[in-house]
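> below: sequence and its predicted model.
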Amino acid sequence: MASGDHAFDVRAVDKAGNTGPVSKLTFKVITISPPTAASGPNPVDGAKDVRPGQNLNLSWRASNDPDGGSVKYRVSLGVGDQVSLNLVEGCKDVSASTCLVPASQLSTGKIHYWRVTAIDDEGEETDGRVWSFVPCHDWDRSEDVSCDGAVDLLDLVAIGLHWGKTDLPWWVRADVNQDGLVDSFDLALVEQRRKP
Ligand SMILES: [Ca+2]
Ligand SMILES: [Ca+2]
């Protein structure tokens, strides 16, 4: 049924066929549309250069409410493989399209997934796509497997955690020489650069 005012006539009829007076009834149909999904994430989806150890300001392009109302947001975040996304404290019902994640909730060298949910005045919700980033001190320095800015024992440990694996996701850096296998060649590269 279309939005706007609608009217119809009602008349009672009894068993004997007597009709009562006509009553006019009107009602209004209001179409409620959910807001558009948030877009334009910052950091960009798949970013590998988020500065570790610092509070991170997430932002996005604002949603629209087709009904002309205002839109609020909540942000959920998850760390690691296949995790559930949890609400970021302080990022519930924010009206600006930005939210600060404290450094304590970020894990260097791990993948982070986040999602923005847009909520309009009527409480209609639209989930955005799930975006990702990895906090890494210097992504190009491949021997720094743990992304913490130093090539040291921790990187050997990080390789050990993925030892023998062949099907690592893109954000895991244990395959230092990128030959598809985590093995002694990767260890050797880190060992060459390692500071005791
Ligand atoms: Ca390191
Ligand atoms: Ca390798």
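Cool, the structure landed. Every value quoted in this text rests on a predicted model; they were computed, and no experiment measured them. Ligands and ions are numbered 1, 2, ... in the order given.
> now do the strands in this protein.
4-13, 19-29, 39-42, 47-50, 56-61, 71-79, 86-87, 98-101, 112-120, 125-127, 131-135 (DSSP state E).
> what parts of this protein come near ligand 1?
Residues of the chain lying close to ligand 1 by C-beta under 5 Å from the ion are 144, 146, 148, 150, 154-155. In short, each C-beta sits where N, CA and C put it, glycine included.
> which residues sit in contact with whichever residue of the chain sits closest to ligand 1?
Ligand 1 sits closest to Ser146 of the chain, with a gap of 3.7 Å, by C-beta to the ion. Counting by C-beta atoms under 8 Å, 6 or more residues apart in numbering, Ser146 makes contact with 108-109, 154-155, 157-158, 173.
> excluding its backbone neighbours, what's nearest Ser39?
Spatially, and ignoring its direct neighbours in sequence, Ser39 is nearest to Arg61 (4.8 Å; C-beta to C-beta, 6 or more residues apart in numbering).
> correction: Asp144
Closest residue to Asp144 apart from its sequence neighbours, by C-beta to C-beta, 6+ apart: Val151 at 5.3 Å.
> any idea how far Pro102 is from that neighbour?
Distance, Val151 to Pro102, using C-beta to C-beta, to the nearest Å: 28 Å.
> next: Asn18.
Taken as C-beta to C-beta, the span from Asn18 to Pro102 is 75 Å.
> likewise Asn177?
Taken as C-beta to C-beta, the span from Asn177 to Pro102 is 35 Å.
> same check on Arg11?
Applying C-beta to C-beta to Arg11 and Pro102 gives a distance of 67 Å.
> next: Ile159.
Separation of Ile159 from Pro102 (C-beta to C-beta): 29 Å.
> now swap in Glu122 and tell me
32 Å.
> Ile30 too?
41 Å.
> of Val151 and Pro102, which one has the most company?
Taking neighbours as other C-beta atoms under 10 Å, Val151 and Pro102 compare with Val151 leading, 21 against 12.
> which residues does that one contact?
So Val151 contacts 141, 143-144, 190, 193-195 (C-beta under 8 Å, 6+ apart).
> just those now: which is nearest Asp167?
Of all the contacts of Val151, Val190 has the smallest distance to Asp167: 20.9 Å, by C-beta to C-beta.
> please consider this matter closed, and thank you.
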